[in-house]
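J.: Only the shape, not the letters, is given here:
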């Protein structure tokens, strides 16, 4: 049974692909970093990594790319390439991101960030976009035992917002993230970015929306 929006008192947002338009950059810089280090990674492999923690990503890449794939070395190089790009070009925001966060904050909703991005970088992005004051909590994968699709990050976000998971709306762009929110007992929202949800993801998604402005309208409409 789909959950109702009336129970919502807080929201926990994913970052990449949900608030900032960076998933396309992961598709570019993961293979580029891998090739620089001698591994035959393809763009399609980068899509498999969305929101996955290292303990899940390593065996996947060693199976799909090559047994010798050095995840940590490639990830470190990918981060260098991507950070250099973002420092030069700026952080690409999703449409209506700033207004959505501001309006939800002013309406009294508690807001958390729930992301696989390391804390230092996540805070850097929020500061540069001038939206950090809208967040009551920031939870990163490094703060919990298990990353998405396990529920830990959303359970911790609910705890830091002083809410029950069922009072929190998880906002995600990927099936992996939606599954994490569902397993935590959150009201789940998917705003697709790189691909549309399959049947299984649709079945656990309470609200499938086209963009952030639709989310704002959903929660703030009379």
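T.: Yes, it's here. Since the model is a prediction, treat every value here as computed from it, not as a measurement.
J.: Can you pull the phi/psi pair for the residue lying closest to residue 71 once chain neighbours are set aside?
T.: Once flanking residues are discounted, residue 71 sits nearest to residue 58: 4.6 Å by CB to CB, 6 or more residues apart in numbering. For every residue, glycine as well, the C-beta is placed using N, CA and C. Residue 58 adopts backbone torsions of phi -60, psi -50, taken as degrees, to the nearest 10.
J.: Check the one 5 residues further on too.
T.: The phi/psi pair for residue 63 (degrees, to the nearest 10) reads phi -80, psi -50.
J.: repeat for residue 76
T.: Residue 76 adopts backbone torsions of phi -60, psi -40, taken as degrees, to the nearest 10.
J.: Am I right that the residue nearest to residue 71 is in contact with residue 73?
T.: No - the criterion here is CB atoms under 8 Å, and residue 58 misses it with residue 73 at 11.6 Å.
J.: Of those two, which one has the most company?
T.: residue 58 (16 against 13; other CB atoms under 10 Å).
J.: tell me the domain ranges of the protein?
T.: By the assignment in automatic domain parsing, the chain contains the domains 5-21+92-220, 23-89.
J.: name the helices or strands packed onto the worst-scoring helix or strand of the chain on mean pLDDT?
T.: Using mean pLDDT, DSSP states H and E, helix 43-48 stands out as the lowest-scoring helix or strand of the chain, at a mean of 86. Helix 43-48 is packed against helix 23-36, helix 54-64, with contacts defined by 3 or more CB pairs under 8 Å, 6 or more residues apart in numbering; DSSP states H and E.
J.: Determine which of those helices approaches residue 107 most closely.
T.: Of all the helices and strands packed on helix 43-48, it is helix 23-36 that lies closest to residue 107, at 27.9 Å by CB to CB.
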